[in-house]
Every structure is written in C-alpha cells, then in structure tokens.
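K.L.:
how does the following fold in three dimensions:
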Amino acid sequence: MASINPGRVTHRWDDELVVFHIGMTVNRWWRLDQWMPLMGDMPKMLRELSVDPDSGLLGFTMLLGARGPYLVQYWSSLDKLYAYASAPSQEHRPAWTRFNRRARKNPGVVGIWHETYVVNRAETIYVDTPAMGLPKATAVVPISSRHDRARARVADGRTGGARAGSPGSE
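P.N.:
Prediction:
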C-alpha cells in the first residue's frame, strides 16, 4: 500500500505542463474481439514511455468511466507528446493503425477520444492521501500558511501550487 502524505500538500512544477486525457468508448460490449485488443495496446505504450526518462511523460492515472477506460496523463511538453504520437518506431503509431483498420471494418463498435490541455496555471490540494495525480507526476510540496487558500496557490506560480524557493516549498 502506498504511504500517506500526512497533512495538506500541493504540487510544484515550474515548466511547461500538458494534461492529456485519452479514452475509449465501448459502444458494443459484446464485441470483445474489437475492444479487448485495443485495451491491450495502452499498457505497452505506458510501459514504453515510463522507462524512457526523456519521453516527456511525467505520470498518469487510469480511470474507468461508464463507457470505458480513460487515462489522465501529465506531459512535460506538447512537442514531446506530439513526437511520441507520430514516431513510427514506437508503440503508438502501429496501435493507431490497427485501431483504424478495425474501425473501418466494424464502424461504431469502439470509439477513441482525447483532449489536450496546455496548462498555464494549476491548483491542487491533497489531504492525507498517497501521492497521486499532479503531485505524483511532478513534486509533492507541503502547503504553507501562505498557500492555505486555493486562490493563493493558483496565483503563486505558473503551474505550481507552490513555487520553488517559496516558503513551504522545501
């Protein structure tokens, strides 16, 4: 079990930040032959990205919605996200090709979606939780009295709840 960060914490990240949501909608659950192979592709991509410190992937969280699984990913730059998505030698391009081939043969069975956010500011608070979400992907920082309110955390820094070198950021 992951250790708990006691008290109130936020994140610190002073560079470019991209939040990428990607998911699958299973429109016909009984067509396992169409959506199960797609589900098998994502772990390969995440493994490939996670072992490469230069990939740009900072972290991710997998979630399950009513229509299927989706991921929230944190990236260090939009350029690195796009580079991975278009690299023919990495897992994404072949997976995308396979999906498109299956989708043309069986339209409407499975959908794919994504949303990309280039983040100028972000505010986070976690109370007595393990490292998760944005702090896990960047840096976990105790909340000082200066950053006690959400408004102060979002105002103090480009993307961080606490800026490097500010009180409570060590």
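
K.L.:
all helices for this structure, in order.
P.N.:
32-50, 78-86, 92-105, 133-137, 150-155 (DSSP state H).

K.L.:
how many other residues sit next to residue 133?
P.N.:
Taking other C-beta atoms under 10 Å as the neighbour definition, residue 133 ends up with a count of 16. For every residue, glycine as well, the C-beta is placed using N, CA and C.

K.L.:
ok, now which ones touch it?
P.N.:
Under the criterion of C-beta atoms under 8 Å, 6 or more residues apart in numbering, the contact partners of residue 133 comprise 11, 61, 72, 124, 126.

K.L.:
gap between it and residue 26?
P.N.:
Spatial separation of residue 133 from residue 26 under the definition C-beta to C-beta, to the nearest Å is 25 Å.

K.L.:
equivalent analysis for residue 96, please.
P.N.:
Distance check for residue 96 against residue 26: by C-beta to C-beta, it reads 18 Å.

K.L.:
from the centroid of the chain, which residue is nearest?
P.N.:
Relative to the mean C-alpha position of the chain, the nearest C-alpha, by C-alpha atoms, centre = their mean, is the one of residue 73, at 1.2 Å.

K.L.:
wait, it sits on residue 42?
P.N.:
No: contact criterion C-beta atoms under 8 Å: residue 73 and residue 42 do not qualify, at 10.5 Å.

K.L.:
residue 1: neighbouring residues, count only.
P.N.:
When neighbours are defined as other C-beta under 10 Å, residue 1 has 4 of them.

K.L.:
how about residue 120?
P.N.:
Other residues near residue 120 number 9, with proximity taken as other C-beta under 10 Å.

K.L.:
show me the contacts for residue 6.
P.N.:
Contacts for residue 6 were tallied using C-beta under 8 Å, 6+ apart; they are residue 128.

K.L.:
thinking again about what came up before, tell me the most buried of the helices of the chain?
P.N.:
Mean neighbour counts were taken over those using mean count of other C-beta atoms under 10 Å, and the top value, a mean of 22, falls to helix 133-137.

K.L.:
as CSV, could you dump the C-alpha coordinates of that helix?
P.N.:
Taking C-alpha atoms only, helix 133-137 is exported to CSV below (Å, rounded to 0.1, in the frame of the first residue of the first chain):
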residue,chain,number,x,y,z
GLY,A,133,-2.4,13.0,-9.7
LEU,A,134,-0.4,16.1,-10.5
PRO,A,135,1.8,16.0,-7.3
LYS,A,136,2.8,12.4,-8.0
ALA,A,137,3.7,13.4,-11.6
